[in-house]
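Undergrad: Any chance you can model this:
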Amino acid sequence: MSSSSFLNAYAPTVDLDPATLVLEASGPTALILTALLAAAAGAIVITVVKHRQLRRWVAAEEALERALLLTLARERDVEALAALAERHADAPGAEVLRALCAAPGAAPEVLEALAGCALVELRRRLEVMMTPLASIGSAAPFVGLLGTVYGIMEAFLQIGREANATLPVVAPAIGEALIATAVGLFAAIPAVLAYNELSRRVEALENRIAASTQLWIAHLRRAASIYEDVEVELMEGEP
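TA: Residues are numbered from 1 along each chain as shown. The predicted model follows:
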(Lines give C-alpha, C1' and ligand atoms only; values in the text may rest on other atoms or scores of the structure.)
Protein backbone atom coordinates (compact mmCIF):
# COMPACT_ATOMS: atom_id res chain seq x y z
CA MET A 1 0.00 0.00 0.00
CA SER A 2 1.41 3.39 -0.94
CA SER A 3 1.96 6.11 1.67
CA SER A 4 -0.83 8.29 0.24
CA SER A 5 -3.29 5.37 0.31
CA PHE A 6 -2.30 4.63 3.90
CA LEU A 7 -2.90 8.25 4.97
CA ASN A 8 -6.24 8.38 3.19
CA ALA A 9 -7.35 5.15 4.83
CA TYR A 10 -6.62 6.29 8.39
CA ALA A 11 -7.18 10.05 8.11
CA PRO A 12 -10.25 11.30 9.98
CA THR A 13 -13.15 12.22 7.76
CA VAL A 14 -14.85 15.61 7.85
CA ASP A 15 -18.47 16.11 6.82
CA LEU A 16 -18.56 19.30 4.73
CA ASP A 17 -22.02 18.80 3.29
CA PRO A 18 -23.56 22.29 2.82
CA ALA A 19 -26.86 21.32 4.45
CA THR A 20 -25.02 19.87 7.44
CA LEU A 21 -22.89 23.00 7.78
CA VAL A 22 -25.98 25.19 7.80
CA LEU A 23 -27.83 23.03 10.34
CA GLU A 24 -24.83 22.65 12.65
CA ALA A 25 -23.74 26.29 12.53
CA SER A 26 -23.54 28.02 15.89
CA GLY A 27 -23.02 31.46 17.37
CA PRO A 28 -23.02 34.55 15.13
CA THR A 29 -22.67 32.43 12.02
CA ALA A 30 -25.95 30.67 12.80
CA LEU A 31 -27.67 34.04 13.30
CA ILE A 32 -26.32 35.31 9.99
CA LEU A 33 -27.38 32.18 8.13
CA THR A 34 -30.85 32.33 9.71
CA ALA A 35 -31.23 35.98 8.70
CA LEU A 36 -30.13 35.25 5.14
CA LEU A 37 -32.49 32.29 4.77
CA ALA A 38 -35.34 34.41 6.15
CA ALA A 39 -34.45 37.17 3.67
CA ALA A 40 -34.44 34.67 0.79
CA ALA A 41 -37.88 33.40 1.82
CA GLY A 42 -39.14 36.97 2.19
CA ALA A 43 -37.89 37.86 -1.29
CA ILE A 44 -39.77 34.91 -2.76
CA VAL A 45 -42.98 35.90 -0.97
CA ILE A 46 -42.66 39.53 -2.09
CA THR A 47 -42.00 38.47 -5.68
CA VAL A 48 -45.06 36.21 -5.84
CA VAL A 49 -47.37 38.76 -4.18
CA LYS A 50 -46.14 41.64 -6.33
CA HIS A 51 -46.41 39.58 -9.51
CA ARG A 52 -50.06 38.75 -8.79
CA GLN A 53 -50.77 42.34 -7.77
CA LEU A 54 -49.34 43.73 -11.00
CA ARG A 55 -51.25 41.18 -13.06
CA ARG A 56 -54.52 42.29 -11.42
CA TRP A 57 -53.69 45.96 -11.89
CA VAL A 58 -52.84 45.56 -15.57
CA ALA A 59 -56.08 43.66 -16.23
CA ALA A 60 -58.11 46.31 -14.35
CA GLU A 61 -56.37 49.13 -16.22
CA GLU A 62 -57.08 47.48 -19.57
CA ALA A 63 -60.77 47.19 -18.62
CA LEU A 64 -60.85 50.87 -17.63
CA GLU A 65 -59.24 51.95 -20.90
CA ARG A 66 -61.70 49.90 -22.97
CA ALA A 67 -64.65 51.37 -21.06
CA LEU A 68 -63.23 54.87 -21.46
CA LEU A 69 -62.93 54.52 -25.22
CA LEU A 70 -66.57 53.48 -25.43
CA THR A 71 -67.66 56.29 -23.12
CA LEU A 72 -65.69 58.99 -24.93
CA ALA A 73 -67.18 57.85 -28.23
CA ARG A 74 -70.76 58.27 -26.93
CA GLU A 75 -70.74 60.93 -24.24
CA ARG A 76 -69.00 64.25 -23.64
CA ASP A 77 -69.96 65.11 -20.07
CA VAL A 78 -67.62 64.88 -17.11
CA GLU A 79 -70.17 63.02 -14.99
CA ALA A 80 -69.86 59.99 -17.24
CA LEU A 81 -66.09 59.88 -16.68
CA ALA A 82 -66.50 60.27 -12.92
CA ALA A 83 -69.04 57.45 -12.82
CA LEU A 84 -66.69 55.29 -14.88
CA ALA A 85 -63.85 55.93 -12.44
CA GLU A 86 -66.08 54.79 -9.58
CA ARG A 87 -67.12 51.61 -11.40
CA HIS A 88 -63.48 50.73 -12.12
CA ALA A 89 -62.10 51.81 -8.75
CA ASP A 90 -59.73 48.82 -8.67
CA ALA A 91 -57.82 50.17 -11.70
CA PRO A 92 -54.76 52.25 -10.74
CA GLY A 93 -55.61 54.93 -13.29
CA ALA A 94 -59.01 55.49 -11.69
CA GLU A 95 -57.30 57.53 -8.96
CA VAL A 96 -55.93 59.96 -11.54
CA LEU A 97 -59.24 60.12 -13.37
CA ARG A 98 -61.12 60.93 -10.15
CA ALA A 99 -58.65 63.72 -9.36
CA LEU A 100 -59.19 65.26 -12.80
CA CYS A 101 -62.97 64.94 -12.68
CA ALA A 102 -62.99 66.80 -9.37
CA ALA A 103 -62.02 70.00 -11.23
CA PRO A 104 -63.54 69.70 -14.71
CA GLY A 105 -63.59 73.42 -15.50
CA ALA A 106 -60.08 74.15 -14.26
CA ALA A 107 -57.41 75.78 -16.39
CA PRO A 108 -55.10 73.47 -18.36
CA GLU A 109 -52.14 74.13 -16.07
CA VAL A 110 -54.31 73.27 -13.05
CA LEU A 111 -55.34 69.99 -14.66
CA GLU A 112 -51.70 69.20 -15.40
CA ALA A 113 -50.77 69.93 -11.77
CA LEU A 114 -53.60 67.75 -10.47
CA ALA A 115 -52.55 64.94 -12.78
CA GLY A 116 -48.93 65.28 -11.67
CA CYS A 117 -49.85 65.04 -7.98
CA ALA A 118 -52.12 62.07 -8.62
CA LEU A 119 -49.40 60.30 -10.60
CA VAL A 120 -46.88 60.82 -7.80
CA GLU A 121 -49.27 59.23 -5.30
CA LEU A 122 -50.00 56.44 -7.76
CA ARG A 123 -46.29 55.76 -8.25
CA ARG A 124 -45.89 55.41 -4.50
CA ARG A 125 -48.73 52.89 -4.45
CA LEU A 126 -47.41 50.89 -7.40
CA GLU A 127 -43.92 50.64 -5.91
CA VAL A 128 -45.08 49.22 -2.57
CA MET A 129 -42.88 46.24 -1.49
CA MET A 130 -40.21 47.11 -4.04
CA THR A 131 -37.89 48.75 -1.49
CA PRO A 132 -37.56 45.64 0.73
CA LEU A 133 -36.83 43.55 -2.36
CA ALA A 134 -34.09 45.97 -3.44
CA SER A 135 -32.66 46.00 0.08
CA ILE A 136 -32.43 42.21 0.16
CA GLY A 137 -30.70 42.15 -3.22
CA SER A 138 -28.13 44.76 -2.23
CA ALA A 139 -27.46 43.84 1.41
CA ALA A 140 -27.54 40.02 1.40
CA PRO A 141 -24.08 39.54 -0.22
CA PHE A 142 -22.47 41.82 2.37
CA VAL A 143 -24.22 40.04 5.23
CA GLY A 144 -22.95 36.74 3.82
CA LEU A 145 -19.46 38.24 3.56
CA LEU A 146 -19.68 39.23 7.22
CA GLY A 147 -20.40 35.60 8.07
CA THR A 148 -17.43 34.52 5.97
CA VAL A 149 -15.07 36.93 7.72
CA TYR A 150 -16.27 35.80 11.13
CA GLY A 151 -15.94 32.11 10.18
CA ILE A 152 -12.38 32.55 8.95
CA MET A 153 -11.44 34.45 12.11
CA GLU A 154 -12.94 31.62 14.17
CA ALA A 155 -10.90 29.09 12.20
CA PHE A 156 -7.67 30.97 12.89
CA LEU A 157 -8.54 31.24 16.58
CA GLN A 158 -9.04 27.47 16.71
CA ILE A 159 -5.66 26.98 15.05
CA GLY A 160 -4.10 29.21 17.71
CA ARG A 161 -5.81 27.33 20.54
CA GLU A 162 -4.82 23.87 19.28
CA ALA A 163 -1.26 22.67 19.66
CA ASN A 164 -1.43 20.74 16.38
CA ALA A 165 -4.47 21.93 14.43
CA THR A 166 -5.76 19.31 12.02
CA LEU A 167 -8.29 19.39 9.23
CA PRO A 168 -11.21 18.15 11.39
CA VAL A 169 -10.59 21.08 13.73
CA VAL A 170 -10.52 23.97 11.25
CA ALA A 171 -12.54 22.59 8.34
CA PRO A 172 -16.02 23.09 9.88
CA ALA A 173 -15.31 26.73 10.71
CA ILE A 174 -13.96 27.39 7.23
CA GLY A 175 -16.91 25.54 5.71
CA GLU A 176 -19.37 27.67 7.69
CA ALA A 177 -17.50 30.76 6.53
CA LEU A 178 -17.79 29.84 2.88
CA ILE A 179 -21.40 28.68 3.13
CA ALA A 180 -22.35 32.09 4.55
CA THR A 181 -21.23 33.76 1.32
CA ALA A 182 -23.07 31.15 -0.75
CA VAL A 183 -26.31 31.68 1.19
CA GLY A 184 -25.92 35.44 0.82
CA LEU A 185 -25.67 35.09 -2.94
CA PHE A 186 -28.57 32.61 -2.90
CA ALA A 187 -30.72 35.30 -1.28
CA ALA A 188 -29.43 38.21 -3.36
CA ILE A 189 -29.40 36.93 -6.95
CA PRO A 190 -33.12 36.00 -7.22
CA ALA A 191 -34.05 39.21 -5.38
CA VAL A 192 -32.10 41.35 -7.86
CA LEU A 193 -33.55 39.54 -10.87
CA ALA A 194 -37.08 39.83 -9.48
CA TYR A 195 -36.59 43.51 -8.64
CA ASN A 196 -35.41 44.33 -12.16
CA GLU A 197 -38.33 42.51 -13.78
CA LEU A 198 -40.95 43.94 -11.44
CA SER A 199 -39.50 47.44 -11.82
CA ARG A 200 -39.79 47.12 -15.59
CA ARG A 201 -43.45 46.11 -15.31
CA VAL A 202 -44.24 48.88 -12.81
CA GLU A 203 -42.60 51.47 -15.06
CA ALA A 204 -44.54 50.19 -18.08
CA LEU A 205 -47.81 50.51 -16.15
CA GLU A 206 -46.89 54.01 -14.96
CA ASN A 207 -46.10 55.11 -18.53
CA ARG A 208 -49.37 53.62 -19.75
CA ILE A 209 -51.39 55.53 -17.17
CA ALA A 210 -49.44 58.75 -17.84
CA ALA A 211 -50.23 58.47 -21.55
CA SER A 212 -53.92 57.87 -20.82
CA THR A 213 -53.90 60.89 -18.49
CA GLN A 214 -53.08 63.20 -21.39
CA LEU A 215 -56.11 61.85 -23.24
CA TRP A 216 -58.34 62.47 -20.23
CA ILE A 217 -57.03 66.02 -19.82
CA ALA A 218 -57.69 66.74 -23.49
CA HIS A 219 -61.24 65.42 -23.15
CA LEU A 220 -61.92 67.50 -20.05
CA ARG A 221 -60.60 70.63 -21.75
CA ARG A 222 -62.79 69.95 -24.77
CA ALA A 223 -65.82 69.33 -22.55
CA ALA A 224 -65.15 72.57 -20.67
CA SER A 225 -64.82 74.45 -23.96
CA ILE A 226 -68.15 73.07 -25.22
CA TYR A 227 -69.80 74.01 -21.94
CA GLU A 228 -68.47 77.57 -22.19
CA ASP A 229 -69.70 77.89 -25.78
CA VAL A 230 -73.18 76.75 -24.74
CA GLU A 231 -73.21 79.27 -21.91
CA VAL A 232 -72.23 82.07 -24.28
CA GLU A 233 -74.96 81.11 -26.75
CA LEU A 234 -77.55 81.04 -23.96
CA MET A 235 -76.46 84.44 -22.72
CA GLU A 236 -76.57 85.92 -26.22
CA GLY A 237 -80.04 84.47 -26.78
CA GLU A 238 -81.47 86.15 -23.70
CA PRO A 239 -83.53 89.32 -24.37
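Undergrad: from what I can see L97 touches L84, true?
TA: Yes. Using CB atoms under 8 Å, L97 and L84 qualify as a contacting pair, with a distance of 7.4 Å. Yep, even glycine has a C-beta here, placed from its N, CA and C like the rest.
Undergrad: more crowded one of these two?
TA: When neighbours are counted by other CB atoms under 10 Å, L97 comes out ahead of the other of L97 and L84, with 25 against 21.
Undergrad: so how far is A60 from G175?
TA: Going from G175 to A60 by CB to CB, to the nearest Å gives 50 Å.
Undergrad: what about L133, how many neighbours?
TA: Using other CB under 10 Å as the criterion, L133 is surrounded by 22 other residues.
Undergrad: Same drill for G175 and A60, tell me which one is more crowded.
TA: When G175 and A60 are compared for neighbours, G175 comes out ahead with 22 against 17, by other CB under 10 Å.
Undergrad: sorry, back to before: overlap in contacts, L97 and L84.
TA: L64 (CB atoms under 8 Å, 6 or more residues apart in numbering).
Undergrad: average pLDDT for the longest helix seen in the chain?
TA: Selection of the longest helix in the chain by residue count, based on DSSP state H, yields helix 167-237. Within the predicted structure, the mean pLDDT of helix 167-237 is 77.
Undergrad: Quick check: the residue nearest the centre of the chain vs A180, distance?
TA: For the chain, the residue whose C-alpha lies nearest the mean C-alpha position (CA atoms, centre = their mean) is M130; its distance is 2.6 Å. Noted for M130: a distance of 26 Å to A180, by CB to CB.
Undergrad: and what of L111?
TA: Note on L111: its distance to A180, by CB to CB, is 55 Å.
Undergrad: which of these two has more neighbours?
TA: The residue with the greater number of neighbours, taking L111 and A180 and applying other CB under 10 Å, is A180; the counts read 29 against 22.
Undergrad: Quick check: chain neighbours aside, which residue is closest to the more buried one?
TA: Leaving aside its chain neighbours, A180 sits nearest to G147 (2.7 Å; criterion: CB to CB, 6 or more residues apart in numbering).
Undergrad: wait, doesn't the one you found sit right on A173?
TA: No. G147 is beyond contact range of A173, at 11.3 Å (criterion: CB under 8 Å).
Undergrad: ok, the two, which is more surrounded?
TA: Regarding G147 and A173, a neighbour count based on other CB under 10 Å identifies G147 as having more, with 27 against 21.
Undergrad: Which helix or which strand is home to the more buried one?
TA: In this structure, G147 is located in helix 130-161 according to DSSP states H and E.
Undergrad: Tell me how far that helix lies from the chain's centre.
TA: 24 Å (CA atoms, centre = their mean, to the nearest Å).
Undergrad: If we go by neighbour counts, what in it is buried?
TA: Within helix 130-161, the residues that count as buried by 16 or more other CB atoms under 10 Å are 130, 133-134, 136-137, 139-141, 143-148, 150-152, 154-155.
Undergrad: Likewise for stretch 187-197?
TA: 187-188, 190-192, 194-195.
Undergrad: Repeat that for stretch 57-66.
TA: 57-58, 60-61, 64-65.
Undergrad: quick one: contacts of it?
TA: Around stretch 57-66, the neighbours that count as contacts under CB under 8 Å, 6+ apart are 84-85, 88, 90-94, 97, 126, 201, 205, 208-209, 212.
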